[in-house]
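> any chance you could fold what I've pasted below:
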Amino acid sequence: MRGRITVAPTITKLPEGAAGAVLITGSHGGAYPASLAAKARVRALIFHDAGIGREDAGVAALGLAIPAVAISHLSARVGDTADMQARGRVSRANAAAVALGVVLGMGCTEATELLCAAEWIETAAPDVAEGRAVLRPEGAYRPLVLIDSAAMVEAEADRGAVIVTGSHGGLVGGDPKMALRADGFAAAYHDAGIGIEAAGLGRLAPLEARGIAAITVAAASARIGDARSIFEDGIISAANPTALRLGAVVGAPAREVLLAWTRLA
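As a prediction, this is how the structure comes out:
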């Protein structure tokens, strides 16, 4: 029986009935999204490669036993499944997908059709749990919140905090309201390789409009989906005007400015 197709701008909010479907998600293909896909029992998975990045973290889902395909950040906007379907091109595919005829450079729509013929099998979910940590660095006036996904932000608890997420800096589904679901003081994201139309920086302008300092770190410098790596390893690739005014410098380590922001009243 051929599989049906379901789409989800973010894999953290899957529609009902994803089991048995070929899932197209605007999320990156990191370890946690891979775990969510396996737990949802999807037939096959198409995700955004988010610039691939450090240690190939953006395409970790290729390790799943089910067919899995990454769409190039140079061909379609991260977080935008409609754009992925319209013009996305395959950048990576695992052996199960290749066996079905998927090749690099193939359009997302054509790849999807091939994946619909995949046998529906159970696959073990990677043992991965998203992390959330609230730190109080020495001399801090406000907390430093490390969350592996922007979905873990807490609107009230994180108000006024410096929030470091492992998520990409693109707008999920193009919705400015999804830029940050808390009135934080500042926020940091992974730039997902920046990508076509600078989609990986999509959250910066909406956060500027809210007076929130925001930066992204380069895909090559930190692992997507890992807030601690964003904080400890990340090199700033872009910053909105508020962040620049508060001392962010493109090309500099993110850690120093993030810590400095915790000390600002």
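> for stretch 250-265, what is the distance to the chain centroid?
22 Å (Cα atoms, centre = their mean, to the nearest Å).
> how long is it from one end to the other?
With Cα to Cα, to the nearest Å as the measure, the ends of stretch 250-265 fall 23 Å from one another.
> repeat for stretch 217-234
First-to-last distance for stretch 217-234 - Cα to Cα - comes to 5 Å.
> mind checking how far it is from the chain centre?
11 Å.
> mean confidence (pLDDT) on that stretch, please.
Averaging pLDDT along stretch 217-234 gives 98.
> so what touches that stretch?
28, 30-33, 50-55, 57-58, 131, 133, 144, 146-149, 164-168, 188-194, 200, 235-237, 253-255, 258 (Cβ atoms under 8 Å, 6 or more residues apart in numbering). Where C-beta positions appear, they are placed from N, C-alpha and C, glycine not excepted.
> and the helix or strand that contains Thr165, what does it pack onto?
Assigned by DSSP states H and E, Thr165 falls within strand 162-168. The contact analysis (3 or more Cβ pairs under 8 Å, 6 or more residues apart in numbering; DSSP states H and E) places strand 162-168 against strand 144-147, strand 186-190, helix 227-233, helix 254-262.
> can I get those in JSON lines including distance to Thr12 and mean neighbour count?
Below are those laid out as JSON lines (distance: least, Cβ to Cβ, whole Å; neighbours: other Cβ atoms under 10 Å):
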{"stretch": "strand 144-147", "distance to Thr12": "12", "mean neighbour count": "23"}
{"stretch": "strand 186-190", "distance to Thr12": "15", "mean neighbour count": "31"}
{"stretch": "helix 227-233", "distance to Thr12": "15", "mean neighbour count": "22"}
{"stretch": "helix 254-262", "distance to Thr12": "23", "mean neighbour count": "20"}
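> check contacts around Thr12.
Taking Cβ under 8 Å, 6+ apart as the test, what Thr12 contacts is 27, 36, 149, 151.
> which one among these gets closest to Thr10?
Nearest to Thr10 among the contacts of Thr12 is Ser27, at 5.3 Å by Cβ to Cβ.
> surely that closest one is in contact with Phe47?
Yes: if you go by Cβ atoms under 8 Å, Ser27 and Phe47 touch, sitting 5.9 Å apart.
> of the two, which one has the most company?
Neighbour count, other Cβ atoms under 10 Å: between Ser27 and Phe47, Ser27 has more, with 33 against 30.
> host element of the more buried one?
Here Ser27 is assigned to strand 22-28, by DSSP H and E.
> for that strand, packing partners?
Packed next to strand 22-28, using 3+ Cβ pairs under 8 Å, 6+ apart, are strand 5-8, helix 31-39, strand 44-48, helix 81-87, helix 108-115.
> winner for burial among the ones you listed?
strand 44-48 (a mean of 32; mean count of other Cβ atoms under 10 Å).
> so how far is that one from its chain's centroid?
Per Cα atoms, centre = their mean, the centroid offset for strand 44-48 relative to its chain is 13 Å.
> elements contacting it?
By 3+ Cβ pairs under 8 Å, 6+ apart, strand 44-48 packs against strand 22-28, helix 31-39, strand 68-71, helix 108-115.
> and of the ones you listed, who's closest to Asp175?
Among the helices and strands packed on strand 44-48, strand 22-28 comes nearest to Asp175, with 11.3 Å by Cβ to Cβ.
> pLDDT of the closest one, averaged?
For strand 22-28, mean pLDDT is 97.
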